[in-house]
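Trainee: with the input below, show me the fold.
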Amino acid sequence: MIPADDVARARAFYSELLGWTIEPVRPVPDPGGMEKMEYHAVTTGSPKIGTLNSAGLYRRHQGEQILDFVEVEDIDAILLKVEKLGGKIAMPKTAIPGVGHTAMILDSEGNLIGLLMHGKP
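Mentor: Sure, this is the predicted structure:
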């Protein structure tokens, strides 16, 4: 789940950056007491065994903060687009011996998102 102050801006950010499909769904009751929650279903790609390929994007109500990790195929290509799309690089690409590479970005909404690319560094 990804909270956003501006859902349209966040939709554009993730669609362009990671190629996600993000579609609104009908308003759903908000367990936090709000009348309805602006919610969008996120499809992140083709399913792989042992991974999730879906998520949610919703209008932030109470200053929620998150830390999600996203597996990517080309971390360098993603990092080249982050700032052009309104995000920031919080931690540059870093090797994880025997695993691959990681980096951290702030999305257009200020959420911290980890990127992970498998493969030997």
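
Trainee: from here on, just use CA atoms for contacts and neighbour counts.
Mentor: OK.

Trainee: in this protein, which strand has the most residues?
Mentor: Ordering each strand of the chain by length in residues (DSSP state E) puts strand 88-96 first.

Trainee: partners of it, with directions?
Mentor: According to DSSP bridges, strand 88-96 has the following sheet partners: strand 100-106 (antiparallel).

Trainee: for the host helix or strand of Arg9, packing partners?
Mentor: Following DSSP states H and E, one finds Arg9 within helix 7-18. Applying 3 or more CA pairs under 8 Å, 6 or more residues apart in numbering; DSSP states H and E, we find helix 7-18 packed against strand 21-24, strand 54-59, helix 75-82.

Trainee: let me have these in JSON lines, extended by mean neighbour count, mean pLDDT and distance to Leu106.
Mentor: Formatted as JSON lines, the helices and strands packed on helix 7-18 follow (neighbours: other CA atoms under 10 Å; pLDDT from 0 to 100; distance: least, CA to CA, whole Å):
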{"stretch": "strand 21-24", "mean neighbour count": "17", "mean pLDDT": "85", "distance to Leu106": "19"}
{"stretch": "strand 54-59", "mean neighbour count": "17", "mean pLDDT": "67", "distance to Leu106": "15"}
{"stretch": "helix 75-82", "mean neighbour count": "16", "mean pLDDT": "97", "distance to Leu106": "9"}
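
Trainee: just for the chain, where's the confidence low?
Mentor: 26-37, 46-56, 60-61, 63-64, 121 (pLDDT under 70).

Trainee: so Ala95 sits against Leu115, correct?
Mentor: No. Ala95 lies out of contact with Leu115 (CA atoms under 8 Å); the separation is 11.8 Å.
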